[in-house]
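>>> Sequence first, predicted coordinates after that:
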Amino acid sequence: MRLSVDSRRSGAPAWLRLALIALLLAAFALRLHELARQDIWWDEARNIDVALRPFFQIPTAPELDIQPPLYYWFLHGWDRLLAVAIGQTPAALAYSSRLLSVFAGVIGVALLAMLGRLAGGSTAALLAVAIGALSPFWLGESQEARMYTTGFALLAGAAAALLIATRRWQGQSQRALFSGPSLLFVLLSAAALLTHYNAVFVLVAWYVWWGVWALRRPDRWRRLLSVALHGVLMTLLVLPVAPIALRQIPDYANPNIAIVSAGDYLWQNWQAYVGGYAFDASLLAGNGVAWLWAVLAVGAIGLVAGATSLRRPTDEQEIATVRYEPGAITFLLTWLAGGLALYYIAVLDRNAFNVRYASFVTPALYTLLGVGLAGFARWWRPLPYVLFVLVAAGLIHGAYADIYDSRNDREHMAEVSEWLHASTGPGDVIFVDQKYPFGFYYQPYTIDETAPPPEVGSDAVPARYLFVDINTIDQRLSEWAGDARRVFWVQWFESDTDPRHSVQFLLDKAGRHAGEQVFQGYTINWWELTPPTEFALAPDLTPLSLRFDQAVETVEVSLPDDPLTPGAMLPVAIRWQRVPGGAIDRPLKARVALYDAAGNRLAQSDERLLNDRHRAPDQWQPADQPLNVYNIAMPAELAPGKYDVRLLVYDADSLEPLTWIDAAGNAAGIEPKIGDWEIGE
């Protein structure tokens, strides 16, 4: 790789500057287009709600489960500037709050020009900007009231400042430990970390690159001191939020999410960052996946072509437009590869994977793609633009799908609200399993569980957020829905509020399931009741000890006293615990099944074994004794005779059953009986 540019001859042609301006205007227009078409969804509603609180209440808001406060302060100031307030129409709230992401997104696109120019010259800058402007991933994030485009812009600015600072320090006469660009780097990198904690993976990769760069300098010890001092200064800037971070980060994990392999991790990220959230393999006449591979190949070949200088630039204009900087390119590669690798280590530790969580590498990715395309100018000067048409074909398809194809919308809360207004009436109650964004679209809606329940029977059907604690949910439903004739249960498609299905279990016990309505992102089920209703999850729990291998065992069981009714539900509640001193390293499920006298299995209910923190048995504490519930839908016809209910525990992945161990410690089968009934003639 060769540095082949004289800084005095690096001015871009006028047409390139005009093209950059046109691309930025196009990026702005594209992000404004249909900005409020999609409904506000959970993340956005939470962000807007928190941002509209008093400034000093924001850092301690409980809704900030794993985010630092800076973006919320930005949004707080932005919303005050635009006079945003709860109670405005959802479309107005969405448009005003999303505008911050639009402007941050366009700034991020503009900064790609600086990164591209520093790494590969003006042609690379232009192509990087074009990729960023059309990127369906960046477009999607620019049209949501979230912190990601703010993070992209801050990191892109910090990266450019660091590259400029190290370039100025190339000369041995530069003895200063700090410079204007290096201090700007500290400020912007600290701001990025205060916007999203996952920026730390990028910053660690940057400091590793910077340390290696310092070691290669003649004044290496002074340069290493400079690196360390910049790190200390950045740490001091973020130190005030350390108490918040220590409250949020240590316990953040989701053990019930399957860990993706490294190959799947890289492919999912590549597909999202290049093809967008709405990527469809059927694009380009069914060649969507081939297009993704082609973009990867073109970028890689172009980088190699530029690095090996296959053809020396022949005139001053080409030197200005195609200029490879080895230090900047290695920095971008470290940013991309290091950021992805470090985040994957966190995925293995915390099970918290989503493509957007690693997306702070995308400024480096888009810049490298621009540099790679520019590398083809070594063979033929128009070739980068010809190949960009191939790249743009898929980008435009993804952007179009993100803007116009409603199948790719996250959710349609406005339709949910309209249906509920039209389908509910006096005597009904609506429960929602998520705080947000229901109240932005439907009123009256109550989130505070300490607030008195709205009166049932008024013209406005009351709705409220229902936090599900399986140990008290029956009491809560008795208090809030005891006088209701119909209960509507609104569930979000990504909800983990009630993974043991205790609400459905109780409503099935107390009433009749009357229907289901499915919307984009939501499902509504409703039940007919005969008030007054007293809900009881597990009445008359009876001690019962059944051990399954050295993994789990039952503690108590609740079975109905009533005779079996064909076509009805058979509710069973079981309290579990880990076997004391036992060992388990896999997720488990339990099956409660109804058998006839001949041993035929007639009906069953299968549920994951979870504790009150919704964790699998390998995460249970010795004191945990969680209730799990099973609702068996019995056949419409049951012949006279004997029936029993049996219990099976099995591996949730392999389906291999666990062995039932009897009181003497011997293997006694796999499916012990827990109750029996007899239906007479």
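That came through fine.

>>> following whichever helix in the chain runs longest, which helix or strand comes up?
Using DSSP state H, we find that the single longest helix of the chain is helix 90-120. Downstream of helix 90-120, the next assigned helix or strand under DSSP states H and E is helix 122-134.

>>> Can you name every helix or strand that that next one contacts?
helix 14-32, helix 90-120, helix 316-321, helix 362-375, helix 383-404 (3 or more C-beta pairs under 8 Å, 6 or more residues apart in numbering; DSSP states H and E). (Glycine included, C-beta is placed from N, CA and C.)

>>> Kindly reformat these as TSV containing mean neighbour count and distance to residue 669.
Formatted as TSV, those follow (neighbours: other C-beta atoms under 10 Å; distance: least, C-beta to C-beta, whole Å):
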stretch	mean neighbour count	distance to residue 669
helix 14-32	16	63
helix 90-120	24	57
helix 316-321	18	77
helix 362-375	30	55
helix 383-404	19	53
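
>>> next one: the longest helix of the chain to chain centre, how far?
Relative to the chain's own centre, helix 90-120 is displaced by 20 Å; criterion: C-alpha atoms, centre = their mean, to the nearest Å.

>>> hmm, who's touching stretch 555-569?
For stretch 555-569, the surrounding residues in contact (C-beta atoms under 8 Å, 6 or more residues apart in numbering) are 508-509, 537-545, 570-577, 625, 631-638, 643, 645, 674-675, 677, 679.

>>> Show the buried residues in the residues you listed.
Buried by 16 or more other C-beta atoms under 10 Å: 508-509, 537-538, 541, 544, 570-577, 631-632, 634, 638, 643, 645, 674-675, 677, out of those.

>>> Among those, which are located in strands?
Judged by DSSP state E, strands contain the following of these: 570-577, 631-632, 643, 645, 674-675, 677.

>>> what's the most distant pair in those residues?
Pairwise distances across those peak at 28.1 Å for 577 and 643 (criterion: C-beta to C-beta).

>>> Which secondary structure element of the chain has the lowest mean pLDDT?
The helix or strand of the chain with the lowest confidence, counting by mean pLDDT, DSSP states H and E, is helix 316-321 at a mean of 50.

>>> From residue 265, how far off is the most centrally placed residue in the chain?
Most central in the chain under C-alpha atoms, centre = their mean is residue 354, positioned 4.8 Å from the mean C-alpha point. According to C-beta to C-beta, to the nearest Å, residue 354 and residue 265 sit 11 Å apart.

>>> Same question for residue 548.
Counting by C-beta to C-beta, the gap from residue 548 to residue 265 is 34 Å.

>>> Equivalent analysis for residue 226, please.
Shown here: residue 226 relative to residue 265, a distance of 35 Å by C-beta to C-beta.

>>> Any regions of the stretch 101-250 of the chain where pLDDT drops low?
Scanning the stretch 101-250 of the chain for pLDDT under 70 picks out the ranges 171-174, 250.

>>> Strands of that one, start to end?
Using DSSP state E, counting those that start in this stretch, the stretch 101-250 of the chain contains no strands.

>>> Walking through it, point out its helices one by one.
122-134, 136-142, 148-168, 180-195, 199-215, 220-238, 242-248 (DSSP state H, counting those that start in this stretch).

>>> want to throw those helices into a markdown table with distance to residue 407 and mean neighbour count?
Listed next are the helices of the stretch 101-250 of the chain as a markdown table, based on distance: least, C-beta to C-beta, whole Å; neighbours: other C-beta atoms under 10 Å:
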| stretch | distance to residue 407 | mean neighbour count |
| --- | --- | --- |
| helix 122-134 | 21 | 29 |
| helix 136-142 | 14 | 28 |
| helix 148-168 | 23 | 25 |
| helix 180-195 | 31 | 22 |
| helix 199-215 | 32 | 19 |
| helix 220-238 | 41 | 16 |
| helix 242-248 | 34 | 13 |
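
>>> right, so of the ones you listed, which gets closest to residue 345?
Closest to residue 345 of the helices of the stretch 101-250 of the chain, according to C-beta to C-beta: helix 199-215, at 8.6 Å.

>>> From the rest of the structure, what touches that closest one?
By C-beta under 8 Å, 6+ apart, the list of residues contacting helix 199-215 reads 151, 154-155, 159, 162, 166, 189, 192-193, 220, 223-224, 226-227, 231, 234, 327, 330-331, 334-335, 337-339, 342-343, 346, 358, 360-361.

>>> okay, the angle between that helix and helix 148-168?
When axes from the mean of the first three to the mean of the last three C-alpha atoms, to 10 degrees is applied, the directions of helix 199-215 and helix 148-168 differ by 10 degrees.
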